[in-house]
Structures are given as structure tokens and as C-alpha cells.
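1. The sequence and its predicted three-dimensional model are supplied below.
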Amino acid sequence: MKRRGFIKKLFFSIIGLGGLFALDAFWFEKYIIDWTVYDISKNKNNSITLVQLSDIHLKELNTSLVSIAEKINSIRPDIILFTGDTITRKSKLSMLNALLALFDYNILKILIYGNKEHSGKIAYSEIAQVLNKHNGVVLMNKNHIYTKGSRSINILGIDDFIGGTADFQKAVNDMDDKQLDTIVLNHCPEYSDIISELNTSLKVNITCILSGHTHGGQITFFGNELFKPAGSGKYLKGWYTTNHIKMYVSKGIGTTLLPIRFGARAEASIFYV
């Protein structure tokens with residue numbers, strides 16, 4: 001091959017690879033949701049179905065969010081769990097109302113605060129009012145008992161570790177029965193180290209902790225993230241165990257700082273507990 005022809009092919013190859021990278025980073029990994037499924041139930045005949053949606057950073061009701069709602073409605077889970085950074089400012093409350101309206105009313109919705117709800121100065125009473133319209137509750141260091149048939153579980157919602165006042169002890173004080181299977185919602189995974197330490201004496205029957213915040217790194221190369229926000233601790237994505245307590249860190253759905261994802265595809269998770 002002549003030198004001129006080689007340079008020409010190299011140039012177009014680089015352009016092609018750049019186009020594929022842009023397509024992946026600006027579209028595929030942002031909008032084609034990775035649905036992960038985990039069965040951590042003890043009795044499959046009496047399991048409760050949860051869907052975790054984290055870090056939506058709601059800006060618009062795009063087709064991706066509509067398709068997520070359609071899939072969830074077809075699955076008909078028992079509870080949808082919004083584990084922080086659902087909206088980033090008070091002006092998005094009306095959009096949150098529109099998003100929640102996409103989901104079947106009969107599915108319980110539970111939301112906790114992330115750092116963005118706090119930095120956006122979104123009042124608890126205002127966001128709770130929106131959730132209440134759609135069969136939902138906001139948990140801020142509080143517990144909610146969910147009952148299905150003969151079985152009940154605790155959903156323990158912790159306030160954000162960075163922007164709020166995370167208080168596992170206060171949330172536990174709101175519980176009637178610490179021996180029920182308990183799902184802990186905790187936006188910043190770093191606070192899970194404190195939860196596991198406190199629980200050595202509190203002895204809550206924690207099935208798992210569900211966290212988010214990290215965006216899975218959002219932009220990673222060979223598994224190495226370029227940036228991880230404060231409050232992430234040593235955690236990035238997927239399953240971890242700390243003091244015998246399982247924790248799942250979601251890569252979330254939205255983006256922050258830069259509107260791209262690479263090596264950290266947007267994720268929604270289904271849990272059978």
C-alpha cells in the first residue's frame with residue numbers, strides 16, 4: 001500500500017472510531033438502559049419485587065424515561081425506589097409530577113433525598129406533596145412498613161450524607177420491628193460504612209443497602225473512573241459487602257457535569273427480596 005493511501009485509510013479509520021465513540025457516549029450508554037435483575041429472596045413464592053431508579057437528574061421527559069415507565073408498568077413491581085438525585089432544583093417539581101404520572105398509580109413509590117435535592121433547596125413538604133399524589137412517600141431518616149399478603153418488610157430511608165443529615169440511628173428509632181427483612185435506601189455509599197458499624201449494636205435485620213450517587217464513574221476507561229464524587233468512599237458500582245451487609249451501588253440513569261457516559265451505561269435494577 002502506498003504511503004498516501006495508508007494515510008487516507010488511517011484518517012477515515014480514526015474518524016470512524018471517533019464517530020462510534022460519540023454515538024456510544026452521547027446516546028447508547030445514556031439512553032439504552034441496562035436492566036439488571038437480582039433475586040435475593042429467601043422464599044421465591046413470597047417475594048416482593050422492587051425496582052431501583054437512581055440519579056435521574058431530571059431535565060426532560062425524554063423517550064428513555066417514557067420507555068422505563070412502560071417497562072415498569074408491564075413488570076408491575078410492588079415498589080419503585082428512587083434513591084436520590086431524582087431532581088436537582090425546585091423548578092423541576094412539575095416535571096417530577098409528570099414523570100410519576102407515567103407509572104401505574106397502584107405501584108408504591110418511595111423517594112429519598114440525594115445531595116442534589118438539598119443543593120437545589122427543595123423543601124421536604126413540597127416534594128412529599130408531589131409524591132403523595134401518586135401513591136408515594138418521601139423518607140428522610142424514617143421507616144416505612146410495606147405489607148404484601150402475610151409478609152411485611154421495612155423500607156428504611158436515610159437522608160443524604162453530603163447535603164443533608166444522614167442519621168441511621170434516628171431512622172431505626174422509627175421502626176416497630178427490627179427483625180423484619182429490611183431494605184435500607186442510602187444515596188451516598190460511603191455512609192454505608194457508618195451504617196454497618198452502628199448496626200453491630202442496633203442489630204437491624206438488613207437484607208441489603210441500595211445506593212447510587214457515583215454514576216458508576218460516568219466516564220471510565222478499563223474500569224478506572226476519571227472522577228468520583230465526594231460521598232462515594234471506596235465504592236463505584238455493583239455489589240459490595242461491608243460487615244456482612246450487602247450493598248448495591250447503582251450506576252443510575254442521568255448524568256452530571258458532562259452529558260455523556262462511557263464505560264458506565266445507565267442502569268435500572270429489579271430486585272426480588
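-> Looks like it arrived, so ask away.

2. in the stretch 1-150 of the chain, which spans are strands?
-> 34-39, 49-53, 79-83, 108-112, 136-138, 142-148 (DSSP state E, counting those that start in this stretch).

3. nearest to I219, of those?
-> Smallest distance to I219 across these (CB to CB): 16.0 Å, for strand 34-39. For the C-beta atoms, the positions are set from N, CA and C on the backbone; glycine is no exception.

4. Summarise which helices and strands the closest one is packed against.
-> strand 267-272 (3 or more CB pairs under 8 Å, 6 or more residues apart in numbering; DSSP states H and E).

5. I153 sits in which helix or strand?
-> I153 is part of strand 151-157 when elements are defined by DSSP states H and E.

6. that older thread, take the strands of the stretch 1-150 of the chain and write them to a markdown table, including mean neighbour count, mean pLDDT and distance to F222.
-> A markdown table is the format used below for the strands of the stretch 1-150 of the chain (neighbours: other CB atoms under 10 Å; pLDDT from 0 to 100; distance: least, CB to CB, whole Å):
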| stretch | mean neighbour count | mean pLDDT | distance to F222 |
| --- | --- | --- | --- |
| strand 34-39 | 12 | 97 | 19 |
| strand 49-53 | 23 | 98 | 26 |
| strand 79-83 | 26 | 98 | 27 |
| strand 108-112 | 23 | 98 | 32 |
| strand 136-138 | 20 | 98 | 39 |
| strand 142-148 | 16 | 98 | 41 |
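
7. Out of these, flag the one nearest K71.
-> The nearest among those, by CB to CB, is strand 34-39 at 7.3 Å.

8. how far does that closest one sit from the chain's center?
-> When C-alpha coordinates are averaged (CA atoms, centre = their mean, to the nearest Å), strand 34-39 and its chain have centres 13 Å apart.

9. Then stretch 94-105?
-> 17 Å.

10. Can you list the neighbours in contact with it?
-> Stretch 94-105 is contacted from outside by 56, 58, 60-61, 65-66, 69-70, 72-73, 76, 80, 86-87, 109, 127, 130-131, 133-136, using CB atoms under 8 Å, 6 or more residues apart in numbering.

11. same thing but at 7 Å, please
-> 58, 61, 65-66, 69, 72-73, 76, 80, 86-87, 109, 130, 133-136 (CB atoms under 7 Å, 6 or more residues apart in numbering).

12. quick one on the thing from earlier: got the strands of the stretch 1-150 of the chain as TSV, with distance to D174 columns?
-> Below are those laid out as TSV (distance: least, CB to CB, whole Å):
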stretch	distance to D174
strand 34-39	27
strand 49-53	20
strand 79-83	17
strand 108-112	14
strand 136-138	12
strand 142-148	4
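
13. And the ones you listed: which comes nearest I183?
-> strand 49-53 (6.9 Å).

14. Run through the neighbouring helices and strands of that closest one.
-> strand 79-83, strand 267-272 (3 or more CB pairs under 7 Å, 6 or more residues apart in numbering; DSSP states H and E).

15. Next, the angle strand 108-112 makes with it.
-> 40 degrees (axes from the mean of the first three to the mean of the last three CA atoms, to 10 degrees).
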